[in-house]
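*Asks:* output the structure for:
(2 chains)
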Amino acid sequence: MNVRVGAWSVRLAPRALLVTAILVVAGFGVTVAALSTGEFTVPVPDILDALFGQGTPVAELIVGKLRAPRVVTGLLVGAAFGLSGAIFQSLTRNPLGSPDFIGFTAGASTGGIVAVVTGGSAMMIAGGALAGCVAAAVLVYALAYRGGVQGYRLVLVGIGANALLLAVNSYLLTRANINDAATAGAWLTGSLSGRGWDHAVPVALALAVLLPLCAYIARPMRMLEMGDDAAKAMGIRVEPVRAAAITAGVLLAGVATAAAGPVIFVALAAPQLARRLTRSPGVTMGASALMGAVLLTGADLAAQRVLAPTQLPVGVLTAAIGGTYLVLLLRKDRH
Amino acid sequence: MSPVTGPTPETGPAGNRLSGTGLTLAYDQRVVATDLTVAIPDESFTVIIGPNACGKSTLLRALARMLKPKTGAVHLDGSVITSLPSKEVARRLGLLPQSSIVPDGITVADLVARGRYPHQRLMRQWSKADEAAVSEAMRATDVSELSDRIVDELSGGQRQRVWLAMALAQETPILLLDEPTTFLDISHQIEVLDLCADLHEAGRTMVAVLHDLNQACRYATHLIVMRAGEIVAEGDPTEIVTPDLVHEVFELRCEIIQDPQSGTPLIVPEARRRVLA
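*Replies:* Have a look, this model is predicted:
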């Protein structure tokens, strides 16, 4: 489907548009449900009043101070993980090339644990996670580099680094005192509980800068999936595009982990789900981000409500929901 | 313009939009060729040929700016090719690489459409010119009927035609092909080469690396024969291909007869067994 206005034209796939619209609606639905339901039900019409300070004090506290930051953090973190996964899966041409498989998220965990053990504040834990993610990415790329980085070698080296970093994380936890270990353990499962605006803002800022960058490099990245020579022959400056993509992907995984802990599976599953639903070849940045947001907030909603009053960490649910859905989709997949 | 005819380091030879001067070509430390000078005649069907590892694909890759020469420079239209904007080069010079990766689940029409990338911008993604170029490329390569098929599910010959269609959609006056017939059976090899000959007839400058000397002689208007990183002979195949040249380059004793179909040289290797009495 082509849209032309004067000299401008964009190419749109009807199916991708439909899937995008459905994901937006689903995200909106999950958001409303998360704001409204729970131990204290706020009727849907009262949500806006509560958000803008026109509701009852209790509703304002619960919706505005407790639920809204949690949902917003979930949406932003999910989008960041989804985008990061889409970037690295595209670069490595391999679904296993997700940041949660190739050591980046594990590196972020290491940074976070070190910050916890050294008695850091929430701010320091976030900083530690971001620094750990960047350090792990540099390490993996340096080890995989041999006159250029090939996708499969990056994945293999990354899986090795992932195992190593998980071992380091376990070691650090055994050496930590019991309180620190408990704090770090809770952070490590990945959770949105107790997230406030100070968690959401850094992710929002990162997305504000990196989303336009991702939109800009999405088309060249699609060409890169055909191989470096094919992309270069089409006039793509391969190295700058790749460098921009890696930077964006690492930062997104880093800030997302800093905000919510290493929530597994969103970065792996969201791009794969998005690709299969839209049936578009190659990376689909927008749909992957939306899918990540819906997946994470949906999982968080389920984590809070399914076994209420018992609260599950969201990481448990992302793996369960995303994994099941992905297996179902793969089963009826022809390719 | 000064009336220069020979190669000059600044602009390359006249009458040759694409040329390389004093090229040293290497992968990391492994030097493949030194001080190589080559000019592609405009509107020729140039075929580069030579034994395995003689540097023919390396030369093609250097001409297509895939490989940066250690010394020397490749010129396109009088400018050093690396000094031109990458997209600008891609509107003048196309390359069909030896192997490309088919994106998962892509249709023929979508893959061919990707050939329009160098003509597009973020806010001008699909003009009428794009549409016309893609349907013309699909018509020329006879893949229009396959347009909604998934590329992964096609045969090797069909897939190669689709890649060629993508390169054609790029609408470049110069088209470079790196071993376009490898992995194809004989009928598909001829099909692809006939298509290349048609494209040459239509006014394009074609440059191909081929393995088969007889096919090279039949299709090339200009033959470049390489051995161990050097150009041993170049020119019209009927004039340069001799038993001595074949022996020097391929270490093969042979007889050369006239191709009964095309009149071009046909190499008949010397028989060691089953010799006619």
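
*Asks:* give me the residue from chain B nearest chain A.
*Replies:* Nearest to chain A in chain B, going by CB to the nearest CB, is B:Ala90, at a distance of 3.0 Å. The C-beta positions use only the backbone N, C-alpha and C, and glycine is treated the same way.

*Asks:* how near is that residue to A:Ala80?
*Replies:* 33 Å (CB to CB, to the nearest Å).

*Asks:* with A:Phe104 instead?
*Replies:* A:Phe104 is 12 Å from A:Ala80, by CB to CB.

*Asks:* same question, A:Ala215
*Replies:* 15 Å.

*Asks:* and what of A:Thr278?
*Replies:* 20 Å.

*Asks:* please enumerate the strands of the chain.
*Replies:* In the absence of a named chain, chain A is used. A:2-5, A:8-11 (DSSP state E).

*Asks:* wait, chain B
*Replies:* Using DSSP E, strands in chain B cover B:18-27, B:30-40, B:45-49, B:71-76, B:79-80, B:93-96, B:174-178, B:205-209, B:222-227, B:230-235, B:254-258, B:265-269.

*Asks:* could I get the longest one in PDB with only the CA atoms?
*Replies:* It refers to strand B:30-40. Only the C-alpha atoms of strand B:30-40 are listed here, as PDB (Å, rounded to 0.1, in the frame of the first residue of the first chain):
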ATOM      1  CA  ARG B  30      47.600 -11.400   2.400                       C
ATOM      2  CA  VAL B  31      48.400  -9.500  -0.700                       C
ATOM      3  CA  VAL B  32      46.500 -10.700  -3.700                       C
ATOM      4  CA  ALA B  33      47.600  -8.200  -6.400                       C
ATOM      5  CA  THR B  34      50.100  -5.400  -6.700                       C
ATOM      6  CA  ASP B  35      50.200  -2.400  -9.000                       C
ATOM      7  CA  LEU B  36      47.200  -3.600 -11.000                       C
ATOM      8  CA  THR B  37      45.900  -1.200 -13.600                       C
ATOM      9  CA  VAL B  38      42.600  -1.900 -15.400                       C
ATOM     10  CA  ALA B  39      40.000   0.000 -17.400                       C
ATOM     11  CA  ILE B  40      36.500  -1.100 -18.200                       C
END
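
*Asks:* does that strand reach chain A?
*Replies:* No - no part of strand B:30-40 sits close enough to chain A to count as contact by CB under 8 Å from any CB of the partner chain; the gap is at least 11.4 Å.

*Asks:* now that strand: buried residues?
*Replies:* Residues of strand B:30-40 classed as buried by neighbour count (16 or more other CB atoms under 10 Å in any protein chain shown): B:Val32, B:Ala33, B:Leu36, B:Val38, B:Ala39, B:Ile40.

*Asks:* the first one against B:Gly229, yeah?
*Replies:* When you say that, I think you mean B:Val32. Yes - if you go by CB atoms under 8 Å, B:Val32 and B:Gly229 touch, sitting 5.4 Å apart.

*Asks:* adding mean pLDDT, write the strands of chain B out as a markdown table.
*Replies:* What follows is the strands of chain B, written out as a markdown table (pLDDT from 0 to 100):
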| stretch | mean pLDDT |
| --- | --- |
| strand B:18-27 | 92 |
| strand B:30-40 | 92 |
| strand B:45-49 | 96 |
| strand B:71-76 | 94 |
| strand B:79-80 | 94 |
| strand B:93-96 | 94 |
| strand B:174-178 | 95 |
| strand B:205-209 | 96 |
| strand B:222-227 | 95 |
| strand B:230-235 | 94 |
| strand B:254-258 | 93 |
| strand B:265-269 | 93 |
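
*Asks:* where is the longest helix in chain B?
*Replies:* helix B:186-201 (DSSP state H).

*Asks:* list the contacts of the residue of chain B closest to chain A.
*Replies:* B:Ala90 makes contacts with A:Ala233, A:Met234, A:Gly235, B:Tyr117, B:Pro118, B:Gln170, B:Thr172, as judged by CB atoms under 8 Å, 6 or more residues apart in numbering or on different chains.

*Asks:* if I look at the residue nearest to A:Pro202 when sequence neighbours are not counted, how far off is A:Leu83?
*Replies:* Leaving aside its chain neighbours, A:Pro202 sits nearest to A:Val255 (5.5 Å; criterion: CB to CB, 6 or more residues apart in numbering or on different chains). The gap separating A:Val255 from A:Leu83 is 11 Å, by CB to CB.

*Asks:* compare the two (neighbour count), which wins?
*Replies:* A:Leu83 (30 against 27; other CB atoms under 10 Å in any protein chain shown).

*Asks:* I'd say the more buried one and A:Val250 touch.
*Replies:* No - in this structure A:Leu83 lies outside contact range of A:Val250 using CB under 8 Å: 11.6 Å.

*Asks:* all set now, cheers.
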